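# 3D model of this:
(chains A and B)
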Protein chains: 2
Amino acid sequence: MVLDIQRVGPADGPVPRGSDDVVELTGAEALFNAHHAPVGAFASVTLGASGAAGGLGIGLEGPAGADVFVGVESADGRCFELLPFFDPEVDDRARYDAQLVGAGGDGPPLHPVAAEAMTREFGLSRDTWAHGDLRFSLYSPVGVVPDPDTHTTREVADAILPSVLAELTLDNSAGARPRRVFLGYTGADLDAAMWRVDGWGDLAGVAQGRTTALVSDCADVRSGVGFSVGGILADAEGGAGLGRVGLLWAVVPAGAVRTLRFAFCFHRSGLVTTGIEASYAYTRHYPTLRDVATRALGGFDAHRGRWAAEAAALTAPGLPAQRRFQLAHAVRSYVGCTQLLDDGAPRWVVNEGEYRMINTLDLTVDQVFFELRHSPWLVRNVLDAFADRYRYDDDIHAPDGRLAPGGVAFTHDMGVGNAFAPPGRSAYERPGLRGCFSHMAHEELLNWSLCAALYVARTGDHAWRDRHAGLLGAVVESLARRDDPDPRSRTGVMGWDSARTGDGWEITTYDSLDPSLGRARGSVYLAVKSWAAYVCLAPILAAAGDDARAALAAAQARRCARTLLAAVGPDGALPAVLDDPAVHGRVVPAVEGLVYPWFAGIHDALDPAGEYGELIVALRRHLDAVLVAGVCLFDDGGWRLSSSSGNSWLSKIYLAQFVAERILGRDPGEAGRVADEAHARWLRDPRNARWAWSDQMQDGLAVGSRYYPRGVTAVLWLEPPG
Amino acid sequence: MVLDIQRVGPADGPVPRGSDDVVELTGAEALFNAHHAPVGAFASVTLGASGAAGGLGIGLEGPAGADVFVGVESADGRCFELLPFFDPEVDDRARYDAQLVGAGGDGPPLHPVAAEAMTREFGLSRDTWAHGDLRFSLYSPVGVVPDPDTHTTREVADAILPSVLAELTLDNSAGARPRRVFLGYTGADLDAAMWRVDGWGDLAGVAQGRTTALVSDCADVRSGVGFSVGGILADAEGGAGLGRVGLLWAVVPAGAVRTLRFAFCFHRSGLVTTGIEASYAYTRHYPTLRDVATRALGGFDAHRGRWAAEAAALTAPGLPAQRRFQLAHAVRSYVGCTQLLDDGAPRWVVNEGEYRMINTLDLTVDQVFFELRHSPWLVRNVLDAFADRYRYDDDIHAPDGRLAPGGVAFTHDMGVGNAFAPPGRSAYERPGLRGCFSHMAHEELLNWSLCAALYVARTGDHAWRDRHAGLLGAVVESLARRDDPDPRSRTGVMGWDSARTGDGWEITTYDSLDPSLGRARGSVYLAVKSWAAYVCLAPILAAAGDDARAALAAAQARRCARTLLAAVGPDGALPAVLDDPAVHGRVVPAVEGLVYPWFAGIHDALDPAGEYGELIVALRRHLDAVLVAGVCLFDDGGWRLSSSSGNSWLSKIYLAQFVAERILGRDPGEAGRVADEAHARWLRDPRNARWAWSDQMQDGLAVGSRYYPRGVTAVLWLEPPG
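As a prediction, this is how the structure comes out:
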């Protein structure tokens, strides 16, 4: 079991495989699940971990846990050799036949291929497994969603086609006998049976209900449904039948090389959400599963080429293989969580991985770097939805109990699992708490305003800015009031909690970490992020003509910087909680806020010789002080977000790496290489392999935020030198 | 743990509970799942077994395996006492909060009530659990489906309302403090979250996605969604949130008795099937889940009253409690498998329990006795669907290999799990087999023609008879050809197999039993059934003017009787397989066919002094010979269908009991009482309790055909003296 990561150039086989920038893996470390997902379908062909651990799912909290059968008849015909993505015991015939009388033979046995005998080429839009003379590739998009206002219907329809393509090649040129190759799956839906597609033009296919299908338009491909792969291949009729397995297969003659093409298709029709009643946007273009199948295969080369081109744009010269691996893995998980809905107008949703919360705003602010690259309208769409429905006004209270009006705030999320929450409410936030599930008014105010600032800065959409100028001004007012309603008492840092917390207090996005990052009030992470929000909002408000609020923002930024600088400890590090010395932790996310001015192009705020030079220098010193063994580094060299917690989040590590290297000028060096290797190793750990890309790593074990979209912060690694 | 079955009269409490004829159970034997199901929604609130073993499901192969929470705050307020239908460990908060920091208290603990402290009143339309001062009832229909051609839209809409009603009463008249009562469930759908209903008029509710809901229109009922019952009840806001639990609750003041009303609602919109594209018929009347909820609660008393009246019509004076129990249990499972579709016209489906095959024809012939009582149009609907789409013509072959044209035949089923099979094909039948999954051409020809004969006899629908006269004649021709294409060689008994079997042979509905009942050719069971079909078809063909085929049927009946009589052994018993003395089994279903002439009113064919008197006498002797210890009785006194198999089927036992007692005049006596107790005990066995009513009992263990509709043969026990 050797991990062998090397740069592999564009494919050069007889079949074009796109120009994806893949990493090659072998052995047990190649056995991890990854998403292979359409854009906006909240669907996934999850594949790569050992056993019945992946499969086809729509709207699920994790992998379907079903079989995918990819295999070939052995050269001697004595067995079938399959990639190890299935349960060899799957066969529920005994349920029908208590005595298994006369059930008939199933032909040669099924042998899973050993990990050591496989290679995997893992990229953004292509994932290829090879074993002996068999080669299997899945092709999927990387998350580009054209703006329907500025692109053709055809472009949009192709981009959100709910399908993943596949190719299976058998090189039987040295073979002495014809051999069967096959691709199939076990259906995971509970309320519909597998069936053999019939009458979809020239397509062969198997499907489950009206929601998933595997189809091929290659000549001589046959289909079957049955209890087992062996049973289907042994069945002379090859027809429809009972059983959970659907299979397509063909025969490759002796001496021939043959490549078969397939499409995995998804379809969920009608209204799928509550609260806001919406359908999948793709149903407007593809009314049925058959329409998806027809377009997927009909445009096979075009789709694959488009995805490969999109993947090629998500590379940077010299990006280390371990980072390319993590970026591809993270983008795939993000895409699998995306959902483009239609309730009269397009409605963009990123579901929060295993938790499935709808557009969690503290994830939106991490995903914004990815979305602004090629689909900035998605950011605008989500910001507008928060402004329209998930905005509220609250009261705030001081630690001593004084009450005052707060101002505008935003909810943590828009609901959960296809259930949109009522206006002004999230699925997550509850009263009376001081940890997980408490309110995040201040955190989400920052996130909405930072997303807005980056959107305006990157797109130059001044019309949008001017339309929301009043709200942007109110946001700054609200932030300042949450510092202190009395301007004379302001420090630039949050001091009052939303009264929605009752006798609890507000928390940050780092909800399940310890007090070093969990509590909002006094958090160094939130303080630097507040500074960043003030810095980013001031010029936008000025440009919108709101000089008063622009000045307020600038003043708050200065106050915040002063407060932070006053808190620097004798070791050069900032405390995790500015006003509670009892919290001893040291935290990497103190520097997180620096990314926003950088991404908004406000580089003078980051200049060590500029207005905030002292703060920038202090944050560099902070990082130097904490990024050492025993503080914010794990034994394996991976980054530890907080010295007092073993729970570290990869999405935030990626972001902090970018800040450290590109904004604060730290050379990653050998320690950086070791850290990247550790982070990649966490993801491939067999204990985590089922969950595709996961965020929360407790000493390397994925304990939460699995199957998660947030890791696209890795796209910051691709930013051109600033 | 004492089983205490006694007749309980109409309820006399302060709340009307309908006039259902219930049996009362206590202790562990009361802990069995039963269906509580709307008609035609293929949906169920399955409840009664211990643990998270039941729950709400649509289109499933078995119970959802989810929690139902029925409980009350204890008199001292120190705990919540719940009926034991939940998993006390259910709480997935740790998935969100790896450290469970500040998750908040959950209030008093949840205690499942001990089986010994509960009573259960189990009837056809009412199922009531009582514990201390708490009483919980579920109300559901018993399977009446008015013919849309002859009933009003309102009558049809009410009959197929996809809802089950519930009532929860707390007698707190002796209580010193207000106490909370609650009802809730854990959602079992994988692709949608639980949510709190908002804006459905005055209703309080919780729902999962757009498919299931629990609602109440009682004042002061509150709703919540959360990780646990305790967490929801402890939540000051009681609002929507994360978690799989949805709960409704209210407070009963000290000194008060309060009854709360609820409705469990189901809804699946849009097309739900493939092959034939159809929707649930109820969606025409109830476009949304909310419409179901509104009508369910708005007509609560009317629905419950109608169901109670229907239940009252399914009783017979003096029916022993163990039979009343089995009848109610079987009817409930049948109703849960029913599905009224709409593809332009109503399409009736009974799904085959855990196997979900669509309208399995060898079950239809058992369910016909139930359906003809009050909804004969359902039988016509299924017969027409077989005639239209699931009819085929085949070749037949003799054991020596000679081939000849067969004639018309019918498929075993119409598909599986919402996937209609292509025309002329079933999901079940495969070539080349001699046991389970082989073809059933002869068996299904008999089943279609017997259903047709009973339908015509019971309804007098001569228009339908005349419309299908050609087909009815062709059926008799086909049956005769499958005896032997050469009239001179005919014996009245099947001799040729469908060529669709390839090198296999045809089987009977007793597919998973041993050769004593499995093989079709020469089967004594099928022979007597063939005789019955000929006897029943002859007068219908004559009435339709087809004298030639009427004469053929009569001649075949006589030949068949002669063949059977010639096979009687020295012990008075018929062999299981007429032409294979190597099969030594003795089988009860030899007498099964007698039910058809009886039900068709052709009593002279059953007269011991009539034309077939010798056969009737022989079959009585056969039954006397086999219904003895060590042959066709188990050690516990239960009936064993075949002396050579431990696998016995309750649906067929019920039918055979009817034949034995009512047609062959056997007094069940003490042995009958012991048998009834054994059969009821099988169903309540803790190993079987999860599966509601099951058919295949291997030495008392439900090994197959679980969650099954076929047991409504028990309705024959209600037939008036003939």
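# what does the helix or strand in which residue A:72 is found contact?
Assigned by DSSP states H and E, residue A:72 belongs to strand A:68-73. For strand A:68-73, contacts defined as Cβ atoms under 8 Å, 6 or more residues apart in numbering or on different chains pick out A:45, A:47, A:54-55, A:79-83, A:85-86, A:108, A:110, A:129, A:133-134, A:136, A:168, A:170, A:179-186, A:229, A:245, A:247. Yep, even glycine has a C-beta here, placed from its N, CA and C like the rest.
# residue of the stretch 251-400 of chain A nearest chain B, please.
Residue nearest to chain B within the stretch 251-400 of chain A: residue A:270 (4.2 Å; Cβ to the nearest Cβ).
# the closest residue to residue A:507 other than its chain neighbours: which element?
Excluding its sequence neighbours, the residue lying closest to residue A:507 (Cβ to Cβ, 6 or more residues apart in numbering or on different chains) is residue A:438, at 4.6 Å. Remark: residue A:438 resides in no helix or strand, with elements defined by DSSP H and E.
# how many other residues sit next to residue A:438?
30 (other Cβ atoms under 10 Å in any protein chain shown).
# that one and residue A:430 touch, don't they?
Yes: between residue A:438 and residue A:430 there is a contact at 7.0 Å, judged by Cβ atoms under 8 Å.
# re the thing from before, contacting residues for the residue nearest to residue A:507?
A:429, A:430, A:501, A:504, A:505, A:506, A:507, A:511, B:102.
# hmm, try it at 6 Å
A:501, A:504, A:507 (Cβ atoms under 6 Å, 6 or more residues apart in numbering or on different chains).
# now swap in residue A:170 and tell me
With contact set as Cβ under 6 Å, 6+ apart, residue A:170 has these partners: A:72, A:134, A:181, A:252, A:258.
# next one: residue A:710
With contact set as Cβ under 6 Å, 6+ apart, residue A:710 has these partners: A:363, A:366, A:651, A:695.
# which of these fall in helices?
Counting by DSSP state H, the part of the contacts of residue A:710 found in helices is A:363, A:366, A:651.
# start and end of stretch A:34-48, how far apart?
6 Å (Cα to Cα, to the nearest Å).
# so what touches that stretch?
So stretch A:34-48 is contacted by A:32-33, A:54, A:56-59, A:63, A:68, A:85, A:138, A:140-141, A:143, A:145, A:160, A:162-164, A:264, A:266, A:329, A:332-333, A:335-336, A:338-340, A:351, A:692 (Cβ under 6 Å, 6+ apart).
# among the residues you listed, which are located in helices?
A:329, A:332, A:333, A:335, A:336.
# quick one, domains of chain A?
With domains defined by automatic domain parsing, chain A comprises A:6-311, A:315-718.
# just put these in CSV and tack on mean pLDDT.
Output for these, formatted as CSV (pLDDT from 0 to 100):
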stretch, mean pLDDT
domain A:6-311, 91
domain A:315-718, 96
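# which of these sits closest to residue B:407?
Residue B:407 lies closest, by Cβ to Cβ, to one member of the domains of chain A: domain A:6-311, at 21.6 Å.
# residues near the residue of the stretch 601-722 of chain A found nearest chain B, how many?
Closest contact between the stretch 601-722 of chain A and chain B, by Cβ to the nearest Cβ, is at residue A:703 (4.2 Å). If you count neighbours by other Cβ under 10 Å, residue A:703 ends up with 21.
# hang on, isn't it packed against residue A:695?
No: Residue A:703 lies out of contact with residue A:695 (Cβ atoms under 6 Å); the separation is 9.9 Å.
# overlap in contacts of those two?
By Cβ under 6 Å, 6+ apart, no residue touches both residue A:703 and residue A:695.
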